[in-house]
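**Student:** Return atomic coordinates for the entry below.
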Amino acid sequence: MVGRDTATLSIGEDDVAGVIQFSALTYNAVECATIPCNATLTVSRTGGLASGVTVDFTTADGTAVAGTDYTATTGTLTFGASQTSQTIKIPLLIEPGAQPTKSFGVLLSNPGSGATLGARTSATVNVTDTR
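**Tutor:** Sure thing, here's the model as predicted:
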């Protein structure tokens, strides 16, 4: 019987980083009577959870204006391996008197560590007044 001293082993790459996107296109928030007050958005990750990934986010003015209606916010979300969601909190500012519903945007960009962006890379936050 003749034995083999060597063998060839092939390992296929199955570490898929996944697709990152907002869980909804529109989020609703209510301006609070006191601070702190936040709009909360959920970012989801699907289609692969094998490794840690990142994605950047930033706010963008609409009818709501940074510094008057909300605090301009940028940052990076970090998803650990097997993590399927993260939240973004955007501070809302309190304006005196009754205000109409206003909106601003939040944008995802620059996915890292092999992740890709899904179809919902932007979301709208509608802010209603409590009065």
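**Student:** CA only for contacts and neighbour counts going forward, please
**Tutor:** Fine.
**Student:** any low-confidence regions in the protein?
**Tutor:** For the chain, residues meeting the criterion pLDDT under 70 lie at 1-4, 7-15, 131.
**Student:** what residue is smack in the middle of this structure?
**Tutor:** The chain has Val43 as the residue nearest its centroid, 3.7 Å off, counting by C-alpha atoms, centre = their mean.
**Student:** I'd guessed that residue sits against Val19; true?
**Tutor:** No - using C-alpha atoms under 8 Å, Val43 is not in contact with Val19, being 10.3 Å away.
**Student:** What pairs with whichever strand or helix holds Thr58, parallel or antiparallel?
**Tutor:** For Thr58, the host element (DSSP states H and E) is strand 53-60. The pairing partners recorded for strand 53-60 under DSSP bridges are strand 74-79 (antiparallel), strand 102-112 (antiparallel).
**Student:** List the buried residues in that strand.
**Tutor:** Using 16 or more other C-alpha atoms under 10 Å as the test for burial, strand 53-60 gives 53-55, 57-60.
**Student:** will you turn these into JSON lines that also has distance to Leu93?
**Tutor:** Output for the buried residues of strand 53-60, formatted as JSON lines (distance: C-alpha to C-alpha, whole Å):
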{"residue": "Val53", "distance to Leu93": "31"}
{"residue": "Thr54", "distance to Leu93": "28"}
{"residue": "Val55", "distance to Leu93": "26"}
{"residue": "Phe57", "distance to Leu93": "20"}
{"residue": "Thr58", "distance to Leu93": "17"}
{"residue": "Thr59", "distance to Leu93": "14"}
{"residue": "Ala60", "distance to Leu93": "15"}
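**Student:** hmm, which two among those residues are most spread apart?
**Tutor:** Greatest spatial distance in these: Val53 and Ala60, 23.5 Å, computed using C-alpha to C-alpha.
**Student:** one step back: and which of the buried residues of strand 53-60 is nearest to Ile88?
**Tutor:** Nearest to Ile88 among the buried residues of strand 53-60 is Phe57, at 8.6 Å by C-alpha to C-alpha.
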